[in-house]
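A.B. asks: need the 3D shape of this:
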Amino acid sequence: MCLIKVFLVAMGRWISSFPRRLEPSQIKLDSRLRGNDGTYRFLSLVTLSLVAALLAGCAERPPYKQQAYVFGTLVEVSVYGEPDAKAKPAVDAVLADFDRLHRLLHAWEPSDLERINAAIAAGKPSDPAPHEVIALLQDAAAWSARSDGLFNPAIGNLIGLWGFHSDTFAARLPDPSKVATLVAAKPDMADLRFEGDRVASANPVVRLDLGGYAKGYALERAAGLLKEHGVKNALINIGGNILALGQHGKRAWKVGIQHPRQSGAIATLELHDGEAIGTSGDYQRYFELAGKRYCHLIDPRTGWPATGAQAVTVLVRGEHAGTRSDVTSKPMFIAGPSGWRGMAERMGVADVLFIDAAGHASATRTLAGRLEWLDQTAPLAVVE
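C.D. replies: Numbers count the residues shown, from 1 in each chain. Predicted coordinates:
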């Protein structure tokens, strides 16, 4: 019970101690405040006014929220416990930075990244690029090496060949011979050369696409901006990549994990301060042809969409949690049922939910203990 409610209870007991009927000799008040039966209405009026004001103070203020469409997906920022006058400029700054990153890192619309791609295709070094872009590419290259190349932002030409360099895409298969040619050229992040603030590559087939990295980086940028504005409790959601700051009042932030084949959540999870989750799923960007689903998660080894999983969700915490939540789920998805646990170990992630192509769900023990599993038709298996 909040302190205001305690006060109201005590006040009610105090008022009940007054006589039901007051005589003029007991208290002198304007007759307009006296009821027909001689009771004094001022007590009721004052009490009702206090009740309304105090209960309003007891009511839990909902989070301040804003939504936008960036990075090809819906983003939402929620701020808890701050007045709108403080929350709004903080969230405005976050959304403005999302727009900036969209223009900086877009894979097929005009952007700094696309200018680097054009230079690589022409076989020459790029014009000077922002230091931020150079740093991100170097970090992405390190993650690619750690994943044995299953996380490979250099395969943008393959992604484009499959039609996923578009906000809308047709249900058609690419020419298999063109797929094979691109795979044989082995575009890789290790092909990049960094010459000061310029980027070059001896492999002209390299085309950079940071779609599996940018959302996570944006989460970290958003968290930093909110803290700069004095916001301590917030939830940042970029298309299912989510990072929590603080908590939602007296409880942790609670989020849902999308069911890959049904509307709604397959599980819920409480996120604590600094934790982030990321999901890679074949239901996010895909098309179906002749009863088969083709998703945007391309296996660099074959050039074809990975087919061994429906979804992979990771939970991470600590330094660069946003980026790691985005990057690490992709190679686990591509590694499939036989390889995801080994890949999780390589990527340094202990908390994983893996749903295979048949819909069978498995979670590491540490994550399973925190999930509220909602799908009663499909039990959750726990793995070490």
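
A.B. asks: how far off centre is the strand or helix carrying Lys330?
C.D. replies: Here Lys330 is covered by helix 329-335, with elements defined by DSSP states H and E. Relative to the mean C-alpha coordinate of its chain, helix 329-335 is positioned 18 Å out (Cα atoms, centre = their mean, to the nearest Å).

A.B. asks: and it, what does it pack against?
C.D. replies: Using 3 or more Cβ pairs under 8 Å, 6 or more residues apart in numbering; DSSP states H and E as the contact test, the elements touching helix 329-335 are strand 276-281, strand 309-316, helix 340-347. Yep, even glycine has a C-beta here, placed from its N, CA and C like the rest.

A.B. asks: what packs against the second one?
C.D. replies: Spelled out, it's strand 309-316. Packed next to strand 309-316, using 3+ Cβ pairs under 8 Å, 6+ apart, are strand 276-281, helix 321-327, helix 329-335, helix 340-347, strand 351-356.

A.B. asks: can you say which of the ones you listed is packed in most?
C.D. replies: Of all the helices and strands packed on strand 309-316, helix 329-335 carries the top mean neighbour count, a mean of 28, counting by mean count of other Cβ atoms under 10 Å.

A.B. asks: let me see the mean pLDDT of it.
C.D. replies: The average pLDDT for helix 329-335 rounds to 98.

A.B. asks: now the strands for the stretch 101-250 of the chain?
C.D. replies: According to DSSP state E, counting those that start in this stretch, the stretch 101-250 of the chain carries its strands in the segments 192-195, 198-201, 234-238, 241-245.

A.B. asks: pull up the pairing partners for the second one, direction included.
C.D. replies: I take that to be strand 198-201. Each strand pairing with strand 198-201, determined using DSSP bridges, is listed with its direction: strand 192-195 (antiparallel).

A.B. asks: which parts of the strand it pairs with are buried?
C.D. replies: Leu192 (16 or more other Cβ atoms under 10 Å).

A.B. asks: 660 is where my numbering starts, stick with that
C.D. replies: Fine by me, first position is 660 from now on; the one you just mentioned is strand 851-854.

A.B. asks: quick one: that strand to chain centroid distance?
C.D. replies: In this view, strand 851-854 has its centroid 31 Å away from the chain centroid, taken as Cα atoms, centre = their mean.

A.B. asks: picking that back up, okay, the helices and strands packed on strand 968-975 in a markdown table with distance to Leu1026 next?
C.D. replies: Rendered in a markdown table, the data for the helices and strands packed on strand 968-975 read as follows (distance: least, Cβ to Cβ, whole Å):
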| stretch | distance to Leu1026 |
| --- | --- |
| strand 935-940 | 10 |
| helix 980-986 | 13 |
| helix 988-994 | 13 |
| helix 999-1006 | 11 |
| strand 1010-1015 | 4 |
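
A.B. asks: host element of Arg759?
C.D. replies: Under the assignment given by DSSP H and E, the secondary-structure element containing Arg759 is helix 743-764.

A.B. asks: contacts for that helix?
C.D. replies: The contact list for helix 743-764, computed with Cβ atoms under 8 Å, 6 or more residues apart in numbering, reads 723, 725, 727, 729-730, 734, 736, 738, 741, 769-772, 789, 791-792, 795, 869, 873, 876-877, 880-881, 884-885, 887-890, 895, 897.

A.B. asks: how about Ala968, what does it touch?
C.D. replies: For Ala968, the residues meeting the contact criterion (Cβ under 8 Å, 6+ apart) are Ser939, Asp941, Met991, Phe992, Gly995, Pro996, Trp999, Phe1013, Ile1014, Asp1015, Ala1016.

A.B. asks: and if we set it to 10 Å?
C.D. replies: Taking Cβ atoms under 10 Å, 6 or more residues apart in numbering as the criterion, Ala968 is in contact with 919, 939-941, 954, 956, 988, 991-996, 999, 1013-1016.

A.B. asks: cool, Gly875 as well?
C.D. replies: Contacts of Gly875 were listed using Cβ under 10 Å, 6+ apart, and they are 869, 897, 900, 902, 935, 937, 975, 979-988.

A.B. asks: quick check: closest non-adjacent residue to it.
C.D. replies: Counting by Cβ to Cβ, 6 or more residues apart in numbering, the nearest residue to Gly875 once its immediate chain neighbours are dropped is Asp985, at 2.7 Å.

A.B. asks: over to Ala1016?
C.D. replies: Once chain neighbours are set aside, the closest to Ala1016 by Cβ to Cβ, 6+ apart is Gly967, at 5.7 Å.

A.B. asks: point out where the stretch 910-1043 of the chain drops to low pLDDT.
C.D. replies: Along the stretch 910-1043 of the chain, segments meeting pLDDT under 70 are nowhere present.

A.B. asks: re earlier: ok, how many other residues are close to the residue nearest to Ala1016?
C.D. replies: The tally of other residues near Gly967 (other Cβ atoms under 10 Å) stands at 18.

A.B. asks: my read: the residue nearest to Gly875 touches Met1006, true?
C.D. replies: No - using Cβ atoms under 10 Å, Asp985 is not in contact with Met1006; the gap is 11.6 Å.
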